[in-house]
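Enquirer: Sequence isn't available, so here's the structure alone:
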C-alpha cells in the first residue's frame, strides 16, 4: 500500500507506514543538518522517528545555511579558546595568527621565549635562524634547550621542542649564520622578523635588510640586569640606525659572555617581543614604534624613551648612503648587549 | 565551466547589505534560473537574510525565514542558485566551517570579502569538502 504526500512542494507517492526519519533516510537527507516541518509545524530532530506519515501530509525541509569566516579546526578552536574568547582577538585574530609567518633570528636567550610563545599562540609558520650548537653555558637562560641537547645544532633542538609544544606550527630551520648574501632570501618569506641575535654585525645587517625589504622588525637586547626593546616599522618609525648610527667602538660594551646576564631577563624581554609580534599580527593595541622600552631588573622598573627617525640615517634617511647590504666585521669585542 | 551571472542591481544589493552589516557577517540567498547545458546560473531575485549569529565570524540563517524563501521560490518557479555571505575581515575563500556547512551541494557559495577597500566577490561549488571556484559575471 502507498500514500500520497507533498515534499517541498512536489507530490510524492511513498510506502505506507513510514515515519519522518525513515522518509529522510529514503531521500538520502542527513537529519543532523536538516530542519523539518510537517504540516507547517517544525518537528524537533529527536521526534522525527515518532511522526508517522499519513496521506495528504505536507513535508517541507531545509538544510542549515551557515558558516564562518575563519579556518580553524575543532582542535584549534579548543586549543586557542582563551585567545578566541578575547573580545579584541576572537576567531578572526586567531585566523590571522595562523596565517602569519614569523622569523626569529637567534634560537638562544631571547629566541627561546619568543619562539615558545609564538608556537603556543599558533603562528602558522615559524622560521628559526641560528648556526650555533647548544653549549652548557647556554642552559641558564636558553629554555628551548635541555642538558641532553648539549652539542646539537640549536635550530634542531628548538624545532623538536616547538613541534612538541604545538604540532600545528610549521617550523622551518636555517642552520646558518646570517650574512649579506643570505639575509634577503631568508627574510623574504616572512611577514615579521624578530631580532634575538648576540652581536652587532648581525643586528645592523638585519636592521638594514628589514628596512630595505620594508619588513617589521621587533628588536631587543639584554645585558647583565637590563634589557631594551623597540619595534622597527620601516617608513613609519625610526630604525636601529636612526637610534644608534654605528656599532659601538670595540670594547665599549661588553658581551654577555664577558659581563654576564641574569637568565630570567631573557624571558622578560623575549616575552615582550612575542607580545609585540602578536599585536602586530592581529592589529591590536599600539605597537612600540618610535618608543624604546628600557628594563631595569634590579629596580624592577620600565622606562619608555621616545626615539625619532633621523633624516640623516644612513639607511632610511633622506639621502641614504647604505643602498646595498654591508657587514661589519665580527669581532669578539663587538658583541652586543644581547645574548642569543 | 560554470558561471554565476549576477544582475548589476543584485551585485549592488548584496554589496550594500554586506557593507551595512560590517563588522558582522551578512548572508542571503540568490534565486534564479539555471541553464544546465551552458552551466550558467542567472540571478533574478536576492533574499537578504538575518544572521542569527550576529557575529563577525559566523553566520546562520533563521530556519523559519529560510522556509519562507523556499516557498516564495516555488511560487515564482525559481531555483536556488546561490547562498551568499560576507567575510568582513578575511579573504573571499571558504573557511573550514563554510566547507563543513555547505549542505546544498548543487548551490553556488558566494563569498564577499570586505577585508580590503575594494570588495572581492568569489563563487564556489563545494562538493565532497572540496571548493571549486567558478567565474562570476556581472551583467550591466
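Expert: Nice, I can see it. As the structure is a prediction and not an experimental result, all values here were calculated from the model. Residues are numbered from 1 along each chain as shown, chains lettered A, B, ... in the order given.
Enquirer: Chain A - how does it break down into domains?
Expert: Using automatic domain parsing, the domain parsing of chain A gives A:2-63, A:100-334.
Enquirer: and the last one, average pLDDT?
Expert: Translated: domain A:100-334. For domain A:100-334, mean pLDDT is 94.
Enquirer: ditto for stretch B:10-24
Expert: Taken as a whole, stretch B:10-24 has a mean pLDDT of 96.
Enquirer: quick one: the strands in the chain?
Expert: Assuming you mean chain A. A:2-7, A:10-15, A:34-38, A:41-43, A:58-63, A:66-68, A:101-105, A:125-129, A:170-174, A:192-195, A:217-223, A:226-232, A:291-296, A:301-306 (DSSP state E).
Enquirer: ah, I was thinking of chain B
Expert: Under DSSP E, chain B gives strands at B:3-7, B:27-35, B:40-49, B:58-60, B:79-87, B:108-113, B:120-127, B:130-139.
Enquirer: Could you point out which of the strands of chain A sits nearest residue A:257?
Expert: strand A:217-223 (10.6 Å; CB to CB). Where you see a C-beta, it was placed from the backbone N, CA and C, and this is true even at glycine.
Enquirer: Which secondary structure elements does that closest one sit against?
Expert: strand A:192-195, helix A:200-213, strand A:226-232, helix A:256-259, helix A:263-282 (3 or more CB pairs under 8 Å, 6 or more residues apart in numbering or on different chains; DSSP states H and E).
Enquirer: and if we set it to 7 Å?
Expert: The contact analysis (3 or more CB pairs under 7 Å, 6 or more residues apart in numbering or on different chains; DSSP states H and E) places strand A:217-223 against strand A:192-195, helix A:200-213, strand A:226-232, helix A:263-282.
Enquirer: center of chain B - which residue?
Expert: In chain B, the C-alpha nearest the mean C-alpha coordinate belongs to residue B:84, at 1.8 Å (CA atoms, centre = their mean).
Enquirer: any chance of the domains of chain A in TSV, with distance to residue B:139 too?
Expert: Shown next, in TSV, are the domains of chain A (distance: least, CB to CB, whole Å):
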stretch	distance to residue B:139
domain A:2-63	28
domain A:100-334	37
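Enquirer: Stretch A:25-43 vs chain B: in contact?
Expert: Yes: using CB under 7 Å from any CB of the partner chain, stretch A:25-43 reaches chain B at A:33, A:35, A:37.
Enquirer: quick one on the thing from earlier: tabulate the strands of chain A (TSV), appending mean neighbour count.
Expert: Listed next are the strands of chain A as TSV, based on neighbours: other CB atoms under 10 Å in any protein chain shown:
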stretch	mean neighbour count
strand A:2-7	15
strand A:10-15	12
strand A:34-38	19
strand A:41-43	13
strand A:58-63	20
strand A:66-68	26
strand A:101-105	26
strand A:125-129	24
strand A:170-174	17
strand A:192-195	27
strand A:217-223	26
strand A:226-232	24
strand A:291-296	16
strand A:301-306	10
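Enquirer: so can I have a markdown table of the strands of chain B showing mean pLDDT and distance to residue A:257?
Expert: Below are the strands of chain B laid out as a markdown table (pLDDT from 0 to 100; distance: least, CB to CB, whole Å):
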| stretch | mean pLDDT | distance to residue A:257 |
| --- | --- | --- |
| strand B:3-7 | 97 | 65 |
| strand B:27-35 | 97 | 60 |
| strand B:40-49 | 97 | 65 |
| strand B:58-60 | 93 | 53 |
| strand B:79-87 | 97 | 51 |
| strand B:108-113 | 97 | 51 |
| strand B:120-127 | 96 | 53 |
| strand B:130-139 | 95 | 54 |
